[in-house]
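> model this:
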Amino acid sequence: MNRIVPLILAVALFMEQMDSTVIATSLPAIANDLGVGPITLKLALTSYMVSLAIFIPLSGWMADRFGAKRVFRLAILVFIFGSILCAVSDSLVAFVVSRFLQGMGGAMMTPVARLVLVRSTSRRELVSAMATLTIPALVGPLAGPPLGGFITTYFSWHWIFLINVPVGIVGYVLSGIHLPEIHSARPAALDIKGFLLGAVAAGCTMFGLSVISLPALPPVYGLASTALGLACGWLYVRHARRHPAPLLDLKLFRDDAFRAAAVGGTLFRISVGAVPFLMPLMLQVGFGLSPFESGLVTFTGAIGAITTKFIARRVLTFTGFRTTLIVASIAGAVLTFANGFFTPETPVVIMSGVLLLAGFARSFFFTSVNALSFADIADRDASKATSMSAVLQQMSLALGVAVAGTILEIETRLTGTHLQLADFHNAFMIIAVLTLAAVVPFLAMAKNAGASVSGHRLATKEEAPAE
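Residues are numbered from 1 along each chain as shown. The predicted structure follows:
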């Protein structure tokens, strides 16, 4: 495998992942220029997530139909075009539409990049490659807030989007030179009914969860939208069971490794979605730090995420997927729980140390769970697996933000006061308990599950082949 391939894919994904969070700290400045309130402008965050939810299911079919390399490069161009439109937007409508267009590009970039990696990488090298691809997903949300605050404070919010242009152009050129042409069997005709049901299900659910957690509209709209999305999701399940080639194939869950990775990963991502939402709020509202200062504190988690890349393969070879994922799940839950004890008097070194270890644990978890998802999946089903995994990831991250926001809302209603530091402490502890549930699917796995990918050959006597 050309070693520059995962790096090219990672750079493109970093651009997408960082952009999805960098806007958060710049909302007041953008809202002021557009003549709307910051709460109203949160519709731009929602439109981006809805776009991801709608078009991610289509990404696998598009890659099989038109070629993964071609779709990935087209996605970069769409993302760049959307970024330029965001920078020149002069109204709320224009900005929301531009963010939706950006989401279309991001929806194709993320799962197709993972598909390119899976199809161009040998099983033994998949862990190392996935470690590289995992870094943007963890560093992007951490780097986004301080970078957004810095650019907005010392330059202009327009540059948040314009910096995507040169990065995207470099990614487009290098991907044309170095990404392999990946051929696959021509897919069946597009499942249009499944796409429409899935789009309404994912889009409405994502919109509803976003409105509940980021109330740009009355919460009743969020509840109604979520209910409609869940209803369409149930209709999609009925449809997929009868359709010979559904857009999101539920038969993937028959594979033990994929099922464990999907269920465990979804539960764990609730924490990953909640913490970047809760931590900056707690540091700013509870501690009185500025957005830039809070971003510098949380950024230490990125260091832990990056260091994992260099040792992930050796650790998985020694311990295997099962042990690594169980330990990482427990560590992630414990470290999330520890956030519930932070106070303004807590030394920054201690907070940074906890966040560093948390980034380390999360990076190990996602490197492992992403590789495990494809450990026993046939090459012909790789595109379906990338689409399904990406949908579950986006939904669980949004669910994490929604759960965290709901906890804070309930806390303030019960106390009848504004947000207090204790409200954030309770939210972290509740999220940690939910995260711990991610351990359950991995406890049922065989000790040598996914050994063809991890290189781990430890087996019990019962699992060992007869002599």
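
> At which residues are the helices of the stretch 251-400 of the chain located?
All helices of the stretch 251-400 of the chain, identified by DSSP state H, counting those that start in this stretch, fall at 256-281, 291-298, 300-307, 312-338, 348-373, 382-415.

> between the ones you listed, which one is nearest to residue 442?
Residue 442 sits nearest to helix 312-338 of all these, at 4.5 Å, using Cβ to Cβ. Quick note: C-beta positions are derived from backbone N, CA and C, even for glycine.

> hmm, back to that, just send the helices of the stretch 251-400 of the chain back as TSV, with mean neighbour count and mean pLDDT too.
Shown next, in TSV, are the helices of the stretch 251-400 of the chain (neighbours: other Cβ atoms under 10 Å; pLDDT from 0 to 100):
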stretch	mean neighbour count	mean pLDDT
helix 256-281	24	86
helix 291-298	20	72
helix 300-307	21	71
helix 312-338	21	90
helix 348-373	23	88
helix 382-415	21	81
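
> Could you name the stretch from those that's closest to residue 88?
helix 291-298 (24.7 Å).

> of the helices of the stretch 251-400 of the chain, which approaches residue 130 most closely?
Going by Cβ to Cβ, the one of the helices of the stretch 251-400 of the chain nearest residue 130 is helix 348-373, 4.6 Å.

> my guess is residue 105 meets residue 85, correct?
No. In this structure, residue 105 is not within contact of residue 85 by Cβ atoms under 8 Å, at 11.3 Å.

> before we move on, the earlier item: could the helices of the stretch 251-400 of the chain be laid out in CSV, adding distance to residue 224?
Converted to CSV, those look like this (distance: least, Cβ to Cβ, whole Å):
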stretch, distance to residue 224
helix 256-281, 22
helix 291-298, 33
helix 300-307, 36
helix 312-338, 31
helix 348-373, 33
helix 382-415, 14
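
> wait, which of those helices is closest to residue 91?
Of all the helices of the stretch 251-400 of the chain, helix 291-298 comes closest under Cβ to Cβ, at 25.1 Å.

> if we can go back for a sec, ok, which of the helices of the stretch 251-400 of the chain comes nearest residue 436?
The nearest among the helices of the stretch 251-400 of the chain, by Cβ to Cβ, is helix 312-338 at 4.1 Å.

> The closest one: how far from the chain's middle?
Remark: helix 312-338 is offset 19 Å from the chain centroid, using Cα atoms, centre = their mean, to the nearest Å.

> what about stretch 179-197, how long is it end to end?
33 Å (Cα to Cα, to the nearest Å).

> How many residues are close by residue 155?
As a burial measure, residue 155 scores 12 neighbours (other Cβ atoms under 10 Å).

> quick one, domains of this structure?
1-190, 251-454 (automatic domain parsing).

> how much space between residue 352 and residue 303?
9 Å (Cβ to Cβ, to the nearest Å).

> before we move on, what about residue 219?
37 Å.

> picking up where we left off before, CSV please, covering the domains of the chain and showing distance to residue 227.
Putting the domains of the chain into CSV (distance: least, Cβ to Cβ, whole Å) gives the following:
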stretch, distance to residue 227
domain 1-190, 16
domain 251-454, 14
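
> Of these, which is nearest residue 212?
domain 251-454 (5.0 Å).

> Mind checking the pLDDT average for stretch 18-28?
The average of the pLDDT scores along stretch 18-28 is 70.

> pLDDT at residue 183, what is it?
Reported pLDDT at residue 183 in the predicted model: 68.

> right, I mislabeled it, should have said residue 466
Predicted confidence (pLDDT) for residue 466: 40.

> what's the neighbour count on residue 443?
There are 12 residues near residue 443, going by other Cβ under 10 Å.

> I'd like the numbering to begin with 2 instead of 1 from here.
Taking 2 as the first residue, the last one we looked at is residue 444.

> Just list the residues touching residue 50, thanks.
Contact partners of residue 50, counting by Cβ atoms under 8 Å, 6 or more residues apart in numbering, are 21, 104, 207-208, 211, 395, 399.
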